[in-house]
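**Student:** Next one to model:
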Amino acid sequence: MGHRFSKPASKGFKPELGSRLPVTITWDRILSTAPALPLNRKAWSSARERATAFDVRRLERLRLHQNGGHTHLVTSVAILPDGQRIVTGSRDGTIKAWDASTHRCLYTLEGHADLITSVEISPDGQRIISGSRDGIIKAWDTSTHRCLYTLGEDTYTINSFAISPDGQRVVTGVRCHTFGIDGLMVWHTTQTFQLLNFFEGHLDLITSVAMSPDGQRIVSSSEDHTVRVWDMRKPSWCIRTLRGYTRPVTSVAISANGLRVVSTGLQDRTIWVWDTETGLCLGTLEGHEGPVKSVAIMPGRPLVVSSSDGTVKVWNAVTGECLHTEPGANHFVIDASNPERPSVLCFYANWERGAA
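**Tutor:** Below you'll find the model as predicted:
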(Lines give C-alpha, C1' and ligand atoms only; values in the text may rest on other atoms or scores of the structure.)
Protein backbone atom coordinates (compact mmCIF):
# COMPACT_ATOMS: atom_id res chain seq x y z
CA MET A 1 0.00 0.00 0.00
CA GLY A 2 1.32 3.43 -0.87
CA HIS A 3 2.03 6.27 1.53
CA ARG A 4 0.78 9.80 1.10
CA PHE A 5 0.20 13.05 2.91
CA SER A 6 -3.46 13.88 2.50
CA LYS A 7 -4.94 17.34 2.88
CA PRO A 8 -7.72 17.46 5.50
CA ALA A 9 -10.52 18.07 3.00
CA SER A 10 -9.98 14.68 1.39
CA LYS A 11 -10.47 12.95 4.75
CA GLY A 12 -13.74 14.62 5.59
CA PHE A 13 -12.19 17.16 7.94
CA LYS A 14 -14.64 19.90 8.85
CA PRO A 15 -12.87 23.10 9.98
CA GLU A 16 -14.71 25.55 12.16
CA LEU A 17 -16.41 28.55 10.56
CA GLY A 18 -13.99 31.28 9.57
CA SER A 19 -10.93 29.00 9.60
CA ARG A 20 -8.51 28.77 6.69
CA LEU A 21 -6.45 25.77 5.71
CA PRO A 22 -2.71 26.52 5.47
CA VAL A 23 -1.02 25.99 2.11
CA THR A 24 2.31 24.61 3.33
CA ILE A 25 3.99 23.28 6.44
CA THR A 26 7.30 24.83 7.42
CA TRP A 27 9.59 22.02 8.57
CA ASP A 28 11.84 24.10 10.81
CA ARG A 29 8.88 25.23 12.97
CA ILE A 30 8.42 21.65 14.12
CA LEU A 31 11.87 21.47 15.66
CA SER A 32 12.56 22.32 19.29
CA THR A 33 14.49 25.42 18.27
CA ALA A 34 13.81 26.58 14.73
CA PRO A 35 17.25 26.98 13.09
CA ALA A 36 18.19 30.03 11.08
CA LEU A 37 17.70 29.39 7.37
CA PRO A 38 21.00 28.41 5.65
CA LEU A 39 22.32 30.87 3.12
CA ASN A 40 22.69 28.39 0.26
CA ARG A 41 20.98 25.31 -1.14
CA LYS A 42 23.78 22.91 -0.09
CA ALA A 43 23.66 24.09 3.52
CA TRP A 44 19.86 23.89 3.48
CA SER A 45 19.98 20.30 2.20
CA SER A 46 22.55 19.35 4.83
CA ALA A 47 20.46 20.87 7.61
CA ARG A 48 17.39 18.96 6.48
CA GLU A 49 19.37 15.70 6.31
CA ARG A 50 20.66 16.13 9.87
CA ALA A 51 17.14 16.95 11.10
CA THR A 52 15.75 13.68 9.74
CA ALA A 53 18.61 11.34 10.69
CA PHE A 54 17.64 8.29 12.74
CA ASP A 55 18.33 4.57 13.17
CA VAL A 56 16.02 1.59 13.59
CA ARG A 57 17.00 -1.35 15.79
CA ARG A 58 15.02 -4.56 16.04
CA LEU A 59 15.12 -6.34 19.39
CA GLU A 60 14.68 -9.89 18.11
CA ARG A 61 15.56 -11.59 21.39
CA LEU A 62 13.41 -9.49 23.71
CA ARG A 63 11.14 -12.29 24.97
CA LEU A 64 8.53 -10.41 26.95
CA HIS A 65 6.45 -13.48 27.71
CA GLN A 66 9.08 -16.14 28.34
CA ASN A 67 11.49 -16.99 31.17
CA GLY A 68 9.80 -14.97 33.90
CA GLY A 69 8.21 -12.49 31.51
CA HIS A 70 4.69 -11.08 31.45
CA THR A 71 1.70 -13.41 31.58
CA HIS A 72 -0.61 -11.06 29.69
CA LEU A 73 -0.59 -8.32 27.05
CA VAL A 74 1.98 -5.53 27.23
CA THR A 75 0.17 -2.19 27.56
CA SER A 76 2.96 0.37 27.84
CA VAL A 77 6.68 0.70 27.11
CA ALA A 78 9.35 3.23 28.17
CA ILE A 79 13.14 3.48 28.03
CA LEU A 80 15.63 4.95 30.49
CA PRO A 81 17.56 8.06 29.36
CA ASP A 82 20.82 6.10 29.02
CA GLY A 83 19.17 3.75 26.53
CA GLN A 84 20.36 0.69 28.46
CA ARG A 85 17.11 -0.47 30.04
CA ILE A 86 13.55 -0.87 28.76
CA VAL A 87 10.54 -0.88 31.07
CA THR A 88 7.22 -2.55 30.24
CA GLY A 89 3.81 -2.54 31.91
CA SER A 90 1.24 -5.27 31.36
CA ARG A 91 -2.33 -6.34 31.87
CA ASP A 92 -0.95 -8.81 34.39
CA GLY A 93 -0.46 -5.87 36.80
CA THR A 94 3.35 -5.97 36.85
CA ILE A 95 6.16 -3.71 35.63
CA LYS A 96 9.35 -5.31 34.33
CA ALA A 97 12.77 -3.88 33.49
CA TRP A 98 14.82 -5.38 30.66
CA ASP A 99 18.42 -5.07 29.56
CA ALA A 100 18.32 -3.48 26.09
CA SER A 101 21.52 -5.31 25.06
CA THR A 102 21.12 -8.80 26.51
CA HIS A 103 17.28 -8.63 26.41
CA ARG A 104 16.99 -10.41 29.75
CA CYS A 105 14.53 -9.43 32.48
CA LEU A 106 16.36 -7.58 35.26
CA TYR A 107 13.61 -7.25 37.85
CA THR A 108 9.85 -7.15 38.38
CA LEU A 109 7.86 -4.51 40.27
CA GLU A 110 4.61 -5.60 41.90
CA GLY A 111 2.05 -3.69 43.92
CA HIS A 112 -0.78 -2.61 41.66
CA ALA A 113 -4.18 -4.29 42.02
CA ASP A 114 -5.19 -4.04 38.36
CA LEU A 115 -3.72 -3.79 34.87
CA ILE A 116 -0.98 -1.25 34.16
CA THR A 117 -2.20 1.57 31.91
CA SER A 118 1.04 3.51 31.52
CA VAL A 119 4.72 3.59 32.51
CA GLU A 120 7.08 6.56 32.30
CA ILE A 121 10.66 7.29 33.34
CA SER A 122 11.73 10.41 35.22
CA PRO A 123 14.17 12.62 33.26
CA ASP A 124 17.04 11.72 35.60
CA GLY A 125 16.37 8.00 35.14
CA GLN A 126 16.07 7.41 38.88
CA ARG A 127 12.34 6.69 39.03
CA ILE A 128 9.83 4.56 37.18
CA ILE A 129 6.32 5.99 37.36
CA SER A 130 3.48 3.55 36.81
CA GLY A 131 -0.25 4.10 36.48
CA SER A 132 -2.93 1.48 36.83
CA ARG A 133 -6.64 0.98 36.36
CA ASP A 134 -6.77 0.56 40.14
CA GLY A 135 -6.67 4.39 40.23
CA ILE A 136 -3.16 4.49 41.68
CA ILE A 137 0.16 5.96 40.53
CA LYS A 138 3.35 4.55 42.03
CA ALA A 139 6.93 5.79 41.84
CA TRP A 140 9.71 3.20 42.01
CA ASP A 141 13.44 3.62 42.63
CA THR A 142 15.36 2.17 39.66
CA SER A 143 18.31 1.25 41.90
CA THR A 144 16.64 -0.28 44.96
CA HIS A 145 13.40 -1.29 43.14
CA ARG A 146 11.42 -0.04 46.13
CA CYS A 147 8.13 1.85 45.88
CA LEU A 148 8.91 5.43 46.92
CA TYR A 149 5.38 6.82 47.08
CA THR A 150 1.82 6.12 46.03
CA LEU A 151 -0.69 8.63 44.65
CA GLY A 152 -4.42 8.18 44.22
CA GLU A 153 -7.46 6.51 45.66
CA ASP A 154 -10.29 4.30 44.50
CA THR A 155 -12.65 7.26 43.92
CA TYR A 156 -11.02 8.00 40.56
CA THR A 157 -9.31 6.06 37.78
CA ILE A 158 -6.00 7.17 36.30
CA ASN A 159 -5.97 6.42 32.58
CA SER A 160 -2.83 8.22 31.46
CA PHE A 161 -0.12 10.55 32.76
CA ALA A 162 2.97 12.50 31.74
CA ILE A 163 6.05 13.77 33.59
CA SER A 164 7.39 17.30 33.22
CA PRO A 165 10.93 17.74 31.78
CA ASP A 166 12.29 18.81 35.17
CA GLY A 167 10.69 15.81 36.87
CA GLN A 168 8.91 18.06 39.37
CA ARG A 169 5.34 17.64 38.10
CA VAL A 170 3.11 14.77 37.06
CA VAL A 171 -0.02 15.32 34.98
CA THR A 172 -2.67 12.62 35.28
CA GLY A 173 -5.73 12.04 33.14
CA VAL A 174 -8.42 10.91 35.59
CA ARG A 175 -12.07 9.98 35.80
CA CYS A 176 -13.65 10.97 39.09
CA HIS A 177 -16.32 8.37 39.85
CA THR A 178 -17.90 10.39 42.67
CA PHE A 179 -18.78 13.40 40.52
CA GLY A 180 -18.63 11.84 37.04
CA ILE A 181 -15.95 14.30 35.88
CA ASP A 182 -13.07 13.67 33.48
CA GLY A 183 -10.10 15.99 33.88
CA LEU A 184 -6.36 16.51 34.28
CA MET A 185 -4.71 16.71 37.69
CA VAL A 186 -1.29 18.37 37.99
CA TRP A 187 0.77 17.25 40.99
CA HIS A 188 4.05 18.43 42.45
CA THR A 189 6.22 15.39 43.03
CA THR A 190 7.05 16.01 46.66
CA GLN A 191 6.62 13.35 49.30
CA THR A 192 3.14 14.72 49.99
CA PHE A 193 2.20 15.06 46.30
CA GLN A 194 0.61 18.50 46.39
CA LEU A 195 -2.22 19.04 43.90
CA LEU A 196 -1.29 22.15 41.89
CA ASN A 197 -4.05 22.39 39.31
CA PHE A 198 -7.09 20.72 37.82
CA PHE A 199 -8.02 21.08 34.15
CA GLU A 200 -11.64 20.39 33.31
CA GLY A 201 -13.18 20.43 29.83
CA HIS A 202 -13.24 16.96 28.34
CA LEU A 203 -16.69 15.39 28.24
CA ASP A 204 -15.57 11.76 28.32
CA LEU A 205 -12.68 9.49 29.32
CA ILE A 206 -9.18 10.92 28.79
CA THR A 207 -7.18 8.34 26.86
CA SER A 208 -3.72 9.91 26.47
CA VAL A 209 -1.68 12.78 27.94
CA ALA A 210 1.58 14.36 26.79
CA MET A 211 3.61 17.38 27.85
CA SER A 212 5.80 19.63 25.71
CA PRO A 213 9.54 19.43 26.52
CA ASP A 214 9.52 23.05 27.73
CA GLY A 215 6.90 22.07 30.30
CA GLN A 216 4.52 24.86 29.26
CA ARG A 217 1.84 22.94 27.39
CA ILE A 218 -0.20 19.80 28.00
CA VAL A 219 -2.05 17.95 25.27
CA SER A 220 -4.76 15.39 25.98
CA SER A 221 -6.98 13.12 23.90
CA SER A 222 -10.37 11.80 24.86
CA GLU A 223 -13.26 9.55 23.99
CA ASP A 224 -15.25 12.77 23.47
CA HIS A 225 -13.67 12.88 19.96
CA THR A 226 -11.40 15.85 20.72
CA VAL A 227 -7.80 16.76 21.44
CA ARG A 228 -7.22 19.66 23.82
CA VAL A 229 -4.14 21.82 24.36
CA TRP A 230 -3.69 23.40 27.80
CA ASP A 231 -1.47 26.14 29.22
CA MET A 232 0.32 24.76 32.26
CA ARG A 233 0.83 28.27 33.65
CA LYS A 234 -2.87 29.18 33.76
CA PRO A 235 -5.50 27.38 35.85
CA SER A 236 -7.85 25.34 33.63
CA TRP A 237 -6.79 27.32 30.56
CA CYS A 238 -7.58 25.42 27.35
CA ILE A 239 -5.59 27.04 24.57
CA ARG A 240 -7.18 25.11 21.77
CA THR A 241 -9.69 22.34 21.14
CA LEU A 242 -8.82 20.28 18.06
CA ARG A 243 -11.94 18.91 16.41
CA GLY A 244 -12.64 16.71 13.42
CA TYR A 245 -12.79 13.16 14.75
CA THR A 246 -16.04 11.22 14.75
CA ARG A 247 -14.70 8.51 17.07
CA PRO A 248 -12.66 8.47 20.30
CA VAL A 249 -9.10 9.79 20.04
CA THR A 250 -6.73 7.20 21.49
CA SER A 251 -3.14 8.51 21.29
CA VAL A 252 -1.51 11.93 21.15
CA ALA A 253 1.96 13.53 21.10
CA ILE A 254 3.28 17.10 21.02
CA SER A 255 6.37 18.54 19.35
CA ALA A 256 9.29 19.97 21.27
CA ASN A 257 8.22 23.58 20.76
CA GLY A 258 4.52 22.89 21.28
CA LEU A 259 3.54 24.04 17.79
CA ARG A 260 2.53 20.66 16.38
CA VAL A 261 0.38 17.83 17.72
CA VAL A 262 -0.09 14.39 16.17
CA SER A 263 -2.97 12.08 17.06
CA THR A 264 -4.86 8.98 16.05
CA GLY A 265 -8.30 7.66 16.83
CA LEU A 266 -10.19 4.43 17.42
CA GLN A 267 -10.03 2.17 14.35
CA ASP A 268 -8.21 4.98 12.50
CA ARG A 269 -5.51 3.97 10.01
CA THR A 270 -4.14 7.51 9.75
CA ILE A 271 -2.18 9.98 11.89
CA TRP A 272 -3.47 13.55 12.01
CA VAL A 273 -1.01 16.48 12.12
CA TRP A 274 -2.31 19.64 13.84
CA ASP A 275 -1.23 23.26 14.17
CA THR A 276 -1.76 24.26 17.81
CA GLU A 277 -1.75 27.98 17.02
CA THR A 278 -4.65 27.84 14.54
CA GLY A 279 -6.31 24.62 15.68
CA LEU A 280 -6.31 23.36 12.09
CA CYS A 281 -5.52 19.87 10.85
CA LEU A 282 -2.62 20.27 8.42
CA GLY A 283 -3.05 16.82 6.90
CA THR A 284 -2.93 13.10 7.59
CA LEU A 285 -0.16 10.52 7.35
CA GLU A 286 -1.55 7.53 5.48
CA GLY A 287 -0.11 4.08 4.86
CA HIS A 288 -0.95 1.79 7.77
CA GLU A 289 -3.16 -1.13 6.77
CA GLY A 290 -4.61 -1.54 10.26
CA PRO A 291 -5.72 0.76 13.11
CA VAL A 292 -2.89 2.88 14.56
CA LYS A 293 -2.32 2.05 18.23
CA SER A 294 0.19 4.70 19.30
CA VAL A 295 2.03 7.76 18.00
CA ALA A 296 5.13 9.65 19.15
CA ILE A 297 7.26 12.55 17.94
CA MET A 298 11.02 12.03 17.86
CA PRO A 299 12.68 14.64 20.14
CA GLY A 300 13.97 17.65 18.23
CA ARG A 301 13.02 16.24 14.84
CA PRO A 302 10.08 16.54 12.44
CA LEU A 303 9.66 12.76 12.59
CA VAL A 304 6.61 10.83 13.74
CA VAL A 305 6.73 7.20 14.86
CA SER A 306 3.59 5.07 14.83
CA SER A 307 2.62 1.47 15.46
CA SER A 308 -0.19 -0.51 13.94
CA ASP A 309 -1.09 -4.18 13.84
CA GLY A 310 2.26 -5.75 13.01
CA THR A 311 4.19 -2.71 11.74
CA VAL A 312 6.08 0.30 13.06
CA LYS A 313 6.53 3.27 10.72
CA VAL A 314 8.68 6.41 10.79
CA TRP A 315 7.32 9.44 8.94
CA ASN A 316 8.52 12.84 7.82
CA ALA A 317 5.75 14.97 9.33
CA VAL A 318 6.38 17.79 6.87
CA THR A 319 6.30 15.95 3.54
CA GLY A 320 4.17 13.03 4.75
CA GLU A 321 6.74 10.59 3.39
CA CYS A 322 7.05 7.22 5.13
CA LEU A 323 10.80 6.92 5.71
CA HIS A 324 10.82 3.41 7.14
CA THR A 325 8.48 0.48 7.75
CA GLU A 326 9.43 -2.24 10.21
CA PRO A 327 7.25 -5.33 9.66
CA GLY A 328 6.53 -7.84 12.40
CA ALA A 329 6.69 -5.30 15.23
CA ASN A 330 3.87 -3.96 17.40
CA HIS A 331 5.78 -2.00 20.07
CA PHE A 332 8.46 0.68 19.91
CA VAL A 333 10.44 3.03 22.11
CA ILE A 334 12.55 6.01 21.05
CA ASP A 335 16.13 5.94 22.33
CA ALA A 336 17.32 9.58 22.41
CA SER A 337 20.54 8.90 24.33
CA ASN A 338 22.43 9.92 21.17
CA PRO A 339 20.81 13.27 20.28
CA GLU A 340 22.65 13.44 16.94
CA ARG A 341 21.06 10.20 15.75
CA PRO A 342 18.21 8.83 17.88
CA SER A 343 17.04 5.25 17.43
CA VAL A 344 13.66 3.59 17.18
CA LEU A 345 13.75 0.24 19.01
CA CYS A 346 11.14 -2.15 17.60
CA PHE A 347 9.95 -5.49 18.93
CA TYR A 348 6.98 -7.83 18.82
CA ALA A 349 5.02 -9.14 21.81
CA ASN A 350 2.18 -11.65 21.71
CA TRP A 351 1.51 -13.34 25.04
CA GLU A 352 -0.88 -15.92 23.57
CA ARG A 353 1.81 -17.25 21.26
CA GLY A 354 4.44 -16.92 23.96
CA ALA A 355 6.91 -15.29 21.65
CA ALA A 356 8.43 -11.86 21.37
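**Student:** Test of understanding: give the bridge partners of Q194.
**Tutor:** Per DSSP bridges, the residues bridged to Q194 are H188.
**Student:** Just the pLDDT for it.
**Tutor:** Turning to Q194, the model gives it a pLDDT of 81.
**Student:** Quick check, it in contact with V170.
**Tutor:** No: applying Cβ atoms under 8 Å, one finds Q194 not in contact with V170, separated by 11.0 Å. Heads up, the C-betas are built off the backbone N, CA and C, glycines and all.
**Student:** And S132, how close does it get to D224?
**Tutor:** Going from S132 to D224 by Cβ to Cβ, to the nearest Å gives 23 Å.
**Student:** Have a look at those two and say which one is more surrounded.
**Tutor:** Per other Cβ atoms under 10 Å, whichever of S132 and D224 has more neighbours is S132, with 25 against 19.
**Student:** Quick check: closest non-adjacent residue to the more buried one.
**Tutor:** Nearest in space to S132, with sequence neighbours left out and distances taken as Cβ to Cβ, 6 or more residues apart in numbering, is H112 at 4.0 Å.
**Student:** hang on, isn't that neighbour packed against G135?
**Tutor:** No: H112 is not in contact with G135 according to Cβ under 8 Å; the separation is 9.9 Å.
**Student:** where in this structure is pLDDT low?
**Tutor:** Confidence mapping of the chain against pLDDT under 70 gives the ranges 1-50, 60-63, 65-68, 154, 190-192, 349-356.
**Student:** where do the helices sit along it?
**Tutor:** Secondary structure of the chain (DSSP state H): helices located at 41-51.
**Student:** separation between the nearest residue in space to P248 that is not next to it in sequence and Y245?
**Tutor:** Excluding its sequence neighbours, the residue lying closest to P248 (Cβ to Cβ, 6+ apart) is E223, at 3.8 Å. E223 sits 10 Å away from Y245, going by Cβ to Cβ.
**Student:** Which one's more surrounded, the two?
**Tutor:** Between E223 and Y245, counted using other Cβ under 10 Å, the more crowded position is Y245 (22 against 19).
**Student:** State the phi and psi torsions of the closest residue to that one other than its chain neighbours.
**Tutor:** Nearest non-adjacent residue to Y245, counting by Cβ to Cβ, 6+ apart: H225, 4.4 Å away. Torsion angles at H225 (phi, psi; degrees, to the nearest 10) stand at phi 80, psi 20.
**Student:** Count residues in the vicinity of H225, would you?
**Tutor:** For H225, the tally of surrounding residues (other Cβ under 10 Å) stands at 17.
**Student:** List the residues that contact it.
**Tutor:** For H225, the contact set (Cβ atoms under 8 Å, 6 or more residues apart in numbering) comprises R243, Y245, T246, R247, P248, V249, G265.
**Student:** and the gap between the residue nearest to the fourth one when sequence neighbours are not counted and P342?
**Tutor:** Ranked by Cβ to Cβ, 6+ apart and with sequence neighbours excluded, the top spatial neighbour of R247 is L266, at 4.5 Å. Applying Cβ to Cβ, one obtains 29 Å for the distance of L266 from P342.
**Student:** same question, S220
**Tutor:** Using Cβ to Cβ, which is the criterion applied here, S220 is 25 Å from P342.
**Student:** More neighbours: these two, which one.
**Tutor:** Each of S220 and P342 has its neighbours counted (other Cβ under 10 Å); S220 has more, 28 against 20.
**Student:** mind listing what the more buried one touches?
**Tutor:** S220 makes contacts with 160, 173, 184, 199, 202, 206, 208-210, 227-228, 230, 252, as judged by Cβ under 8 Å, 6+ apart.
**Student:** In strands, which of those appear?
**Tutor:** With strands defined by DSSP state E, the entries of those inside them are S160, G173, L184, F199, I206, S208, V209, A210, V227, R228, W230, V252.
**Student:** is the second one in a bridge, and if so with what?
**Tutor:** Just to be clear, that refers to G173. Note on G173: beta-bridge partners by DSSP bridges are S160, L184.
**Student:** With the fourth one instead?
**Tutor:** On the basis of DSSP bridges, F199 is bridged to L184.
**Student:** Just give the number of residues close to it.
**Tutor:** Using other Cβ under 10 Å as the criterion, F199 is surrounded by 23 other residues.
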